Structure formats: structure tokens, C-alpha cells
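Here is my input; please provide its structure:
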Amino acid sequence: MAKDLAKWAKEKGVKYFMVSYTDLFGGQRAKLVPTQAINDMAVDGAGFAGFATWLDLTPAHPDMMAVPDPEAAIQLPWKKEVAWVASNCVMEEKPLAQAPRNVLRRLIDEAAKDGLRVKTGVEPEFFLLTPEGDRIADPYDCAEKPCYDQQAMMRQYDCIAEVCDYMLDLGWEAYQNDHEDATGQYEMNWKYDDVLQTADKHSFFKFMMKSVAEKHGLRCTFMPKPFKGLTGSGCHAHISVWTLDGKKNAFADNSKELGLSDQGRHFLGGIMKHASALAAICNPTVNSYKRINAPRTSSGATWAPNTVTWTGNNRTHMVRVPGPGRFELRLPDGAANPYLMQAVILAAGIDGVRTKADPGKRHDIDMYQMGHTVKNAPKLPLNLLDALREYDRDKTLKSMMGDEFSAAFLKLKHKEWNDYCSHFSAWETQTTLDI
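Residues are numbered from 1 along each chain as shown. A predicted model of the protein is given here:
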């Protein structure tokens, strides 16, 4: 039985619910609903005009109802009278196929048909900036190699520790926090979980991190590449597949190469097979391609891939296998939609298992130094338009993600690209004015 949200709210002292859903561009949308009305909303949903957000709908469409998932309710640790609850989008009593959480839920059911229960962990990186967003908040954070800088970490201790305390209180099993490779950049980690729970936690984490940063007079951004010359913000995904009862890691086989079972290799093969198309979902903004195709940063390395290769425990490739029974996809960035990112991993992996896809040759070289020696490995798309074209060409992946979703996503993202192309930049003036 799903929890009674009104009863749960009374026990927790919750006065309001943020009934929230995520649109195609990763924007979180919500209505603030008093607890007295929440049980009605749990049945019928909160009404939204879908056209007013980034969904492929028109002003003439009927109300889109966001129906709360009671199991996803989280009391805001920094404002306990409010709870956030992830919702499923419904229109005319049918799930809205293009809505990101619905895309993921459908693919979870698809994976279960093949006996696959996918679990993932995410490693979101972010910058802490001034409220204006134009510079690093900590003026003393200026080292050439700032990664793991303990003094810089302690200067932002109050903000980072507050969020980590909240994750511990929520039972997420947070286990480490660090200053990342760029000045002003941080990463926080919590335990892996089933993909839907990971996506919900990822969504809530972004909301929580931004909210707590604002409380401390800071601005948190997950923008992939906010500063030229500095390492961009990735969102690496660690992926494993389990039996449906969750008791056995189906990817683990110590008799196989790197401890990855045949099924794990096939799942990885699907990721490699669809990698160029995955970029459209995992790297969904114009700015994303300034991270994965960046020149060397001030620290000496971008820590981001630009070629479709895999390896053992080596961070210079798109995929690494750091230990038995799992692998890390290093392609996604901070702009990735938490639900679509997980969905496209499932879609590619399911296809890989079904077709027994081969991931190809493993490379154990330093790709930043010797990448030019790898022949026949595809390069990742150079820009958002190339990625959208790769996704559009990948008929299998488009179908796995859902035709309605794929059509809506491509339509809105092509519009975004066209808007970008019509924008005039300072660079154009600097390079063209005196020609």
C-alpha cells in the first residue's frame, strides 16, 4: 500500500507539499499544495499547463496532471514544514509518454522483462559561485591544481557539511565529499540505488544544493562548463545490473575479464554501440560540448572523454571498469536530465543485452596522451547539433526511448540550437569587426 500522504504529513509536521515534475530540459516545476488537499492531489494530480514548460504541448492541450508518487516524498531538511514529492505526468487519464519520469518508468518495466534490475549511482559535480554567477565565490581558491584542496574545502564547510548532514538524515548513506579539479568546484557522493530512486534523489539533490547554497549567500551551478580553461562539471554514472530480487549482482563474474560477466559485457556493448546518440541526452546543452571536446585545462587534464573507448581502472576513457560487477560511464555532465540520463542508459543497455553486443577492444592507454594511436574508434559529437543528428539516426535507441518522447525532444532541442545560432556573441565582434 502506498503511504497516506496526509497522515505522513501530520506525523512529520508538514504543512505544504511541492508537487514536482521535471520537464524535457531538466527544469523542475512545482505547485505548492497545502497538506489538507494532498490526498485529493494524490488521486487526481495537480493541474499544469504543459505548454508553459519545456514539453512539446500547445496552449490548446488539456490540463496536464502531475500525480504525486507517495513513495518519493521527502521532507525538506532545511524547511521541515514543506515536503517535495516527485510526480508522474498524466493527460486525459493516460501517462504522458514524453514526460521524463514516465520514460524511465517504462524502461524499468522493459528491463524487468529480461530479468534486469538496474542500479546506478551518480557523481554530480558543481560550482559554488557568487550570487551574480560571474565568478568563483571563494577568492582564495586559485591553485593551479586545486583538486582535494583541504583549505578550500574547509572555507565552504558550512554549506557542504549542511547538505551532507541532510543526506545522512535522509538515509542516503552519503560517504564522501571533495573539492574537485576546478577552482570553486565540488562533488558529493551517496550510495547507489535502483535507477528510479537514484533519479529522484539526483533531482532532489540539485534542488537541495541550490537552496542551501542560496541560504549561505552562494549560487550553485551544475552548468557543464561555466568557465573557459577550467575543468567542466561531469555527472558520472556507476552502473550494475542485479537479479530481480536484488540479491545477486548479475554483472559480477570473477572468472571473466575485469570481473565483468558476459551479460555485463553485452550491456556495456550497448552503451558503446549507441554512444554517439547517447550524447544528445547525456550532454544536452550547447555548453556541454565545451566540456567533452575541451582543450587541456589549467589543471593539466579535462577529465572528460572525446572518443568512444572503454578501459579498466583508467579515467581517460568514456567508460572505465573500476572493479568487478560494475562500470562507470563518464560521458554525462551536470546538465543531464536526471530521469532521461538513467532512461537512455537502460535503453542502450537493454538493446546490448538483447543483441549480445560486443563492446569492442579494451584500451588501457592514456587517451589524453596517446588517443591519436587508437584507430576506428568514433569521436563523440563536436556540438549539440551533431549529437541530435546522431540520436535521430539511431532508430533503435529512438524507439527504445519512445517515439513520442523522441519526437518531442528532437523538436524542442532543434529549436534551442536554432535560437543559439541566431544569438550574436562578443566573439563574433572581436574576430570579425575589422575584417
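
And Y186, its phi and psi?
phi -140, psi 160 (degrees, to the nearest 10).

from what I can see it touches N177, true?
Yes - Y186 is within contact range of N177, at 6.9 Å (criterion: CB atoms under 8 Å). In short, each C-beta sits where N, CA and C put it, glycine included.

any residues in contact with both of those two?
153, 160 (CB atoms under 8 Å, 6 or more residues apart in numbering).

does K228 count as helix, strand or coil?
coil (DSSP: H, G, I helix; E, B strand; the rest coil).

Also the one 10 residues further on?
Counting by three-state DSSP, the backbone at H238 sits in strand.

For it, give me its contacts.
The neighbourhood of H238, defined by CB under 8 Å, 6+ apart, consists of 120-123, 192, 326-329.

which intervals of the chain have sub-threshold pLDDT?
Applying pLDDT under 70 to the chain flags residues 1-2.

what element comes up after the helix ranked longest in it heading to the C-terminus?
Ranked by residue count and defined by DSSP state H, the top helix of the chain is helix 195-215. Next along the chain after helix 195-215, taking DSSP states H and E as the criterion, comes strand 219-221.

ok, now how distant is F126 from S233?
6 Å (CB to CB, to the nearest Å).

Residues that sit against both of those two, list them.
Common contacts of F126 and S233 (CB under 8 Å, 6+ apart): 185, 221-222, 334.

Where does V19 sit: helix, strand or coil?
Quick answer, by three-state DSSP: V19 is strand.

Then V241?
strand.

give me the beta-bridge partners of it?
Here V241 shows beta-bridge partners V118, assigned using DSSP bridges.

What is the neighbour count of it?
V241 sits with 27 neighbouring residues when counted by other CB atoms under 10 Å.

residue ranges for the helices of the stretch 251-400 of the chain, please.
Applying DSSP state H, counting those that start in this stretch to the stretch 251-400 of the chain gives helices spanning 262-273, 275-282, 289-292, 338-355, 367-370, 384-393, 395-401.

Ok, the stretch 51-200 of the chain next?
Per DSSP H, counting those that start in this stretch, the stretch 51-200 of the chain carries helices over the ranges 100-113, 150-155, 157-169, 195-215.

could the ones you listed go into a markdown table alongside distance to G300 and mean neighbour count?
Putting the helices of the stretch 51-200 of the chain into a markdown table (distance: least, CB to CB, whole Å; neighbours: other CB atoms under 10 Å) gives the following:
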| stretch | distance to G300 | mean neighbour count |
| --- | --- | --- |
| helix 100-113 | 36 | 20 |
| helix 150-155 | 18 | 15 |
| helix 157-169 | 25 | 17 |
| helix 195-215 | 27 | 21 |
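
Indicate which one of the ones you listed is closest to A357.
A357 lies closest to helix 100-113 among the helices of the stretch 51-200 of the chain, at 15.3 Å (CB to CB).

Could you tell me the angle between that closest one and helix 275-282?
Between the axes of helix 100-113 and helix 275-282, defined by axes from the mean of the first three to the mean of the last three CA atoms, to 10 degrees, the angle is 140 degrees.

can you give me the strands in the stretch 51-200 of the chain?
Residue ranges of the strands in the stretch 51-200 of the chain, as given by DSSP state E, counting those that start in this stretch, are 64-75, 82-91, 94-95, 117-129, 174-179, 185-190, 193-194.

Domain map for the protein?
10-98, 107-402 (automatic domain parsing).

do you know which of the ones you listed lies nearest L433?
domain 107-402 (20.6 Å).

Between Y186 and N177, which has more neighbouring residues?
A count of neighbours by other CB under 10 Å puts Y186 above the other of Y186 and N177, at 23 against 18.

mind listing what that one touches?
125-128, 153, 156, 160, 177-180.

Of those residues, which is the nearest to L278?
E125 (18.8 Å).

gap between the closest one and K191?
To K191, E125 is 18 Å away according to CB to CB.

now swap in F205 and tell me
For F205, the distance to K191 - CB to CB - is 13 Å.

do the same with Y140
33 Å.

between the two, who's got more neighbours?
K191 (14 against 11).

Which residue, neighbours along the chain excluded, lies closest to the more buried one?
E173 (3.7 Å; CB to CB, 6 or more residues apart in numbering).

same thing with F409?
Distance criterion CB to CB, 6+ apart; nearest residue to F409, sequence neighbours excluded, is L24 at 5.7 Å.

Tell me which residues touch the one you found, please.
By CB under 8 Å, 6+ apart, the contact set of L24 is 54-56, 98, 100, 337, 340, 408-409, 412.

go with 7 Å
Contacts for L24 (CB atoms under 7 Å, 6 or more residues apart in numbering) come out as 54-55, 98, 100, 408-409, 412.

What of W54?
W54 neighbours (CB under 7 Å, 6+ apart): 23-25, 27, 412.

Tabulate those in a markdown table, adding columns for distance to D351 and secondary structure.
Converted to a markdown table, the contacts of W54 look like this (distance: CB to CB, whole Å; DSSP: H, G, I helix; E, B strand; the rest coil):
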| residue | distance to D351 | secondary structure |
| --- | --- | --- |
| D23 | 26 | coil |
| L24 | 22 | coil |
| F25 | 25 | coil |
| G27 | 29 | coil |
| L412 | 24 | helix |
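
if we can go back for a sec, give me the buried subset of the shared contacts of F126 and S233.
185, 221-222, 334 (16 or more other CB atoms under 10 Å).

Just the closest of these to P295, please.
P295 lies nearest to Q185 out of those, by CB to CB, at 17.8 Å.

what about the closest residue to that closest one other than its chain neighbours, how many neighbours?
Here the nearest residue to Q185 in space, its sequence neighbours aside, is F127; by CB to CB, 6+ apart that works out to 5.2 Å. F127: 26 surrounding residues under other CB under 10 Å.

do the same with P62
Residues lying near P62 (other CB under 10 Å) number 11.

what helix or strand is K225 on?
Per DSSP H and E: K225 is located in neither a helix nor a strand.

actually F424, not the one I wrote
Assigned by DSSP H and E, F424 falls outside every helix and strand.

got the contact list for it?
By CB under 7 Å, 6+ apart, F424 has no neighbours at all.

what's the distance between it and T285?
From F424 to T285 the distance is 19 Å (CB to CB).

With W8 instead?
37 Å.

Now do the contacts for P332.
Taking CB under 7 Å, 6+ apart, we find P332 in contact with 234-237, 282, 341.

out of everything not next to it in sequence, what's closest to it?
According to CB to CB, 6+ apart, the nearest residue to P332 is C282 (3.9 Å).

what about the one you found, neighbour count?
C282 has 27 neighbouring residues, counting by other CB under 10 Å.
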